[in-house]
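> Following is a predicted model, sequence given first.
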Amino acid sequence: MSTGDVRLVRDEGVADDPLSATLREAFQTGRSRTVKTPAGELFVDAYLPPLRLVLVGAVHIAQALVPMASSVGYSVIVIDPRTAFATVDRFPNVVLDTRWPDKALADLTLDQQTAFCALTHDPKIDEPGLIAALASDAFYIGALGSSRTHEKRCERLREQGVAEDRLTRIHAPIGLNIGAVGAPEIAVSIMAEITQTLRQREVSG
């Protein structure tokens with residue numbers, strides 16, 4: 001700060017940087033702050049893409065999850081080809097896309113600041129979305145359903161060419177195991193797991 005010198009560090013360069021610990025924190029939290037170093041006082045300015053949550057399924061859980069996610073800084077997109085569910089009345093002030101997930105996601109970039117949830121419990125809708133999400137950089141991918149349901153889901157995804165190392169990225173059953181009952185509590189468990197994954201993830205490099 002005394003000299004006005006500026007340098008740019010991308011996430012892939014964090015490991016080799018003398019300020020690696022400070023930079024990792026900045027990438028994980030998105031917070032900018034002043035840091036004291038032997039070379040003098042520095043200001044670390046974090047620039048991250050905005051947080052986004054992409055939900056496949058305009059279901060009751062999604063209705064409860066949208067305001068929670070919005071309140072902690074996520075912009076939310078709800079995708080569901082079932083136009084009886086994906087309505088403005090049920091999802092006011094939310095981006096709605098009534099195309100099939102594979103078509104809708106082809107126009108989106110699921111980056112390292114994006115969380116993805118498949119919530120319909122219908123393989124015809126959830127799985128095209130999951131395939132697209134698993135090929136992306138989304139930091140969180142979750143899918144509704146029991147362990148047994150997820151085993152069958154993985155079998156179908158393998159048959160469609162999804163590699164085993166990608167399948168392990170899916171959080172299923174979705175959400176932290178807090179004994180949630182009903183849509184609002186399940187939404188709480190999902191938002192908690194998304195937050196935990198975001199804040200505890202490893203920075204590349």
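Nice, I can see it. None of the values given here were measured: they were computed from a predicted structure.

> so what's the backbone phi/psi at Leu134?
Geometry field for Leu134 lists phi and psi as phi -70, psi -20, criterion degrees, to the nearest 10.

> Would you quantify the distance from the residue nearest to it when sequence neighbours are not counted to Asp111?
Distances taken as Cβ to Cβ, 6 or more residues apart in numbering place Arg166 nearest to Leu134, at 4.4 Å, with adjacent residues excluded. C-beta here means a position set from N, CA and C on the backbone, and glycine is covered the same way. Arg166 sits 17 Å away from Asp111 when distances are taken as Cβ to Cβ, to the nearest Å.

> buried residues in the lowest-mean-pLDDT helix or strand in the chain?
In the chain, the helix or strand scored least confidently by mean pLDDT, DSSP states H and E is helix 20-29, which has a mean of 84. Neighbour-count burial for helix 20-29, counted by 16 or more other Cβ atoms under 10 Å, picks out Leu23, Arg24, Glu25, Ala26, Phe27, Gln28.

> How far away from the center of its chain is the longest helix anywhere in the chain?
Scanning the chain for the helix with the most residues, using DSSP state H, yields helix 182-200. Between the centre of helix 182-200 and the centre of its host chain there is 11 Å, according to Cα atoms, centre = their mean, to the nearest Å.

> Ala183 versus the residue nearest the centre of the chain, what's the distance?
Note on the chain: the residue nearest the mean C-alpha position is Ala115, at 1.2 Å, using Cα atoms, centre = their mean. Ala115 sits 18 Å away from Ala183 when distances are taken as Cβ to Cβ.

> do the same with Leu8
Leu8 sits at a distance of 44 Å from Ala183 (criterion: Cβ to Cβ).

> Many thanks, have a good one.
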